[in-house]
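[1] A structural model of the following input is requested.
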Amino acid sequence: MKIVLASESPIRKRALDLLRLPYETCPSRIDEKAIRDDNPARLTEKLAEAKARKVAEQHPNAIIVAGDAVVAKVGKIGVKIYEKPRDEPEAMQFLRELSGNELQFVTSLAVLNAASGKMLSTVEISNITFRSLTDDEIRAYMRKYDVLKYAGAFESDAVLFFSERFSGSYNVVAALPVNKLILFLREQGVEI
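    Predicted structure coming up:
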């Protein structure tokens, strides 16, 4: 059965490339701001499932793989969710706010059999503590990486550069829980 990745993300493509399965890409282009939830896990799950359903409309006989990720920081007034920044000033603000703080990288995965309508989904969380960052190193990082493509304005290399502590799922590297992806694909009938 054909596999379609509901994303053009190089990091998510890398996750599927690891499995050495043929697949196509078809970004969902959903209005992510139209789907809201104050709980980061529920938000990412809703977004991943909506992306899978949207792509299934164009690929009714495929297995659709979709994901979403946000960064969350618990503060005195509750949880703040960081999605992709709108522009570079917002990216700079995100990284300043994450500097010296504990955060969660929340990743969801949805695997939909478009023919049967069977949806499998999961959410995994990585806990990361960033060390204090200087404005100069934030600017240098922003020049090196296309931070507007990443939740919280950082991608997996930032964990190497900026983190003091890391625990939980390794999904931050692939922006998809690859271990669960394998199980979900098998459950949807893909030989892997």
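
[2] Quick check: the gap between residue 59 and residue 89.
    Using C-beta to C-beta, to the nearest Å, residue 59 is found at 38 Å from residue 89. Yep, even glycine has a C-beta here, placed from its N, CA and C like the rest.

[3] higher neighbour count, those two?
    The neighbour comparison of residue 59 against residue 89 (other C-beta atoms under 10 Å) goes to residue 59, with 18 against 9.

[4] helices and strands around the worst-scoring helix or strand of the chain on mean pLDDT, which ones?
    When each helix and strand of the chain is scored by mean pLDDT, DSSP states H and E, helix 156-162 comes last, with a mean of 84. Judged by 3 or more C-beta pairs under 8 Å, 6 or more residues apart in numbering; DSSP states H and E, helix 156-162 is in contact with helix 135-144.

[5] Low-confidence regions, this protein specifically.
    171-174 (pLDDT under 70).

[6] For it, which segments count as helices?
    10-19, 40-58, 88-98, 135-144, 156-162, 178-187 (DSSP state H).

[7] Now render those as TSV, adding distance to residue 80.
    Output for the helices of the chain, formatted as TSV (distance: least, C-beta to C-beta, whole Å):
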stretch	distance to residue 80
helix 10-19	23
helix 40-58	9
helix 88-98	8
helix 135-144	18
helix 156-162	18
helix 178-187	26
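
[8] Select, out of those, the one closest to residue 119.
    Across these, residue 119 has its closest neighbour in helix 40-58 (6.2 Å, C-beta to C-beta).

[9] Now do that closest one: distance to the chain's middle.
    12 Å (C-alpha atoms, centre = their mean, to the nearest Å).

[10] do the same with stretch 152-163
    That offset, for stretch 152-163, works out to 13 Å (C-alpha atoms, centre = their mean).

[11] now swap in stretch 73-88 and tell me
    15 Å.

[12] how long is that stretch end to end?
    20 Å (C-alpha to C-alpha, to the nearest Å).

[13] what does that stretch contact?
    32, 38-40, 43, 70-72, 91, 93-94, 97-98, 101-104, 142, 147-153 (C-beta atoms under 8 Å, 6 or more residues apart in numbering).

[14] for the residue of the chain positioned farthest from its centre, what are its contacts?
    For the chain, the residue at maximal distance from the C-alpha centroid (C-alpha atoms, centre = their mean) is residue 136, at 26.7 Å. Taking C-beta under 8 Å, 6+ apart, we find residue 136 in contact with no residue.

[15] Enumerate the beta-bridge partners assigned to residue 69.
    Beta-bridge partners recorded for residue 69 (DSSP bridges): residue 107.

[16] What is the burial count for it?
    Residue 69 has 29 nearby residues by other C-beta under 10 Å.

[17] Next: the one 4 residues further on.
    Per other C-beta under 10 Å, the neighbour tally for residue 73 reads 19.
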